[in-house]
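Novice: I'll drop the sequence and a predicted model, then ask my questions.
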Amino acid sequence: MTCPHALGLAIPLVIANSTGLAARNGILVRNRDSLERAKNIEIMAFDKTGTLTQGKFGVQNVAVDETDEDRALAIAAALENASEHPLARAIVEAARQRQLDLPEMADFQTVTGQGVEGKIDGQTYRVGRPEWVQERDLSLSDRLQQALDRADKRGESAVVLMTFDRPIAVISMADQVRERARITIDRLHEMNLQAVMITGDAEAVARSVAEDLGIDRYYARVLPEDKVNRIKELKREAPTGFVGDGINDAAALLEANMGLAIGAGTNVAIESADLVLVEDDPLDAVKALNLAKKTYGKMIQNLFWATGYNVIAIPLAAGVLQPWGIVLSPAMGALLMSLSTVIVAINAVMLRRAKLA
């Protein structure tokens, strides 16, 4: 009747199935203990660049004065088409996404430290740093000045498109927020978890991203060596997970109660993490938390069954109820022993059907 098999299989079977489930959902488990620690996570901290954002610039806004927005963007893209600068690439990509036809350009030249210029339809256009406007004794209209001030306040990078005698557009760009990051933060809030961002970027940039995503708290201008201290502070409040991708995040990943590395990140970060999000998707951090909770739940269920079975079955086999005519035969004991093992195994296998999204 006694069945140590159920106790011996209760945890290993659940762990084996949870590891397989994690792999099918793009999560590589490097430290299985983290699945047990993760059930208590109350704060999830994120690095910004490459984790919550794409790590590349994108056009955020095009403000125009006495011209069409698409026309201004097409002219700027035609001027920047030959440049490899990240801001230039962002403008060209924005024009491509809008399916704009770029006009023919002639007499292209680079103005060192300022920007580029060229002729389109016989007229000279320039696109470059906002300071270039003042240096040419030109002035921005109220509309364009407001757009430039707004970009500065949000920590965005801006360029000005101008003709020979006046500015006609301000194009602002910023590191693009991942759409999946928005869903991630919303899901964390639904789970009553705090979302925190830790970044080395300027205050304005950090504030802009935090407001865009609805992040509860953020820490800006954090030096690489200070990220660990921030994680320690958060851990004193509640169990903390951390998601990062860079070399600078390695120590923080080790310090957190659960470290999650973005799969596209550096090898150092991956080696330091408990879990690796293979698909480079921040939403997989939510999946990892759900996996941990479901895994722990299955462990408790199996242990409860395996322990409860022996507590009840052994006295029965010993004849506790014999005075009342209830006696279990050895054959029945053997059957119940096998059944208890099968139940534990089936319950563990049922974890494969769990939905983590």
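Specialist: Yep, it's here.
Novice: Show me where this protein has its helices.
Specialist: Taking DSSP state H to define them, one finds helices in the chain at 4-24, 33-37, 69-80, 86-97, 131-135, 142-153, 179-190, 203-213, 227-237, 250-255, 267-272, 284-317, 330-349.
Novice: What is the last one packed up against?
Specialist: With contacts taken as 3 or more Cβ pairs under 8 Å, 6 or more residues apart in numbering; DSSP states H and E, helix 330-349 sits against helix 4-24, helix 284-317. Backbone N, C-alpha and C define where each C-beta goes, glycine included.
Novice: how big is the angle separating the longest one from helix 179-190?
Specialist: What that stands for is helix 284-317. Relative orientation of helix 284-317 and helix 179-190, computed by axes from the mean of the first three to the mean of the last three Cα atoms, to 10 degrees: 40 degrees.
Novice: Can you name every helix or strand that the lowest-mean-pLDDT helix or strand in the chain contacts?
Specialist: Across the helices and strands of the chain, the lowest-confidence element by mean pLDDT, DSSP states H and E is helix 267-272, at a mean of 77. In terms of contact count using 3+ Cβ pairs under 8 Å, 6+ apart, helix 267-272 is assigned the packing partners helix 250-255, strand 258-262.
Novice: Which one, of the helices and strands packed on helix 330-349, ends up nearest to Asn81?
Specialist: Across those, the minimum distance to Asn81, taken as Cβ to Cβ, is reached by helix 284-317, at 36.3 Å.
Novice: got the buried residues for the closest one?
Specialist: Of the residues in helix 284-317, those buried by neighbour count under the rule 16 or more other Cβ atoms under 10 Å are 284-296, 298-299, 301-303, 305-306, 309-310, 313, 316-317.
Novice: count of residues packed around the closest residue in space to Tyr125 that isn't next to it in sequence?
Specialist: Leaving aside its chain neighbours, Tyr125 sits nearest to Ile75 (5.6 Å; criterion: Cβ to Cβ, 6 or more residues apart in numbering). Residues lying near Ile75 (other Cβ atoms under 10 Å) number 26.
Novice: Now do the same contact list for Ile75.
Specialist: Residues in contact with Ile75 (Cβ atoms under 8 Å, 6 or more residues apart in numbering) are Pro103, Ile120, Tyr125, Val127, Leu161.
Novice: Kindly give the local confidence score, pLDDT, for the closest residue to Gln109 other than its chain neighbours.
Specialist: On the basis of Cβ to Cβ, 6+ apart, the spatially nearest residue to Gln109 that is not a chain neighbour turns out to be Glu117, at 6.0 Å. Note for Glu117: predicted pLDDT of 91.
Novice: and the closest residue to Ala174 other than its chain neighbours, what does it touch?
Specialist: Among residues not flanking Ala174 along the chain, Glu156 sits closest, at 4.3 Å (Cβ to Cβ, 6+ apart). Contact partners of Glu156, counting by Cβ under 8 Å, 6+ apart, are Gln60, Asn61, Ser172, Met173, Ala174, Ser208.
Novice: Selecting buried members of these in PyMOL, what would you type?
Specialist: Buried members of these, defined by 16+ other Cβ under 10 Å, are picked up in PyMOL with:
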select buried, resi 60+61+172+173+174+208
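Novice: a markdown table for the contacts of Glu156, including distance to Ala95 and pLDDT?
Specialist: Supplementary listing: the contacts of Glu156 in a markdown table, determined by distance: Cβ to Cβ, whole Å; pLDDT from 0 to 100:
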| residue | distance to Ala95 | pLDDT |
| --- | --- | --- |
| Gln60 | 15 | 89 |
| Asn61 | 15 | 91 |
| Ser172 | 15 | 92 |
| Met173 | 13 | 90 |
| Ala174 | 17 | 86 |
| Ser208 | 24 | 87 |
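Novice: Just the ones of the contacts of Glu156 in strands?
Specialist: The subset of those located in strands under the criterion DSSP state E comprises Gln60, Asn61, Ser172, Met173, Ala174.
Novice: Kindly reformat the residues you listed as JSON lines containing distance to Thr2.
Specialist: JSON lines is the format used below for the ones in strands among the contacts of Glu156 (distance: Cβ to Cβ, whole Å):
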{"residue": "Gln60", "distance to Thr2": "68"}
{"residue": "Asn61", "distance to Thr2": "72"}
{"residue": "Ser172", "distance to Thr2": "72"}
{"residue": "Met173", "distance to Thr2": "70"}
{"residue": "Ala174", "distance to Thr2": "66"}
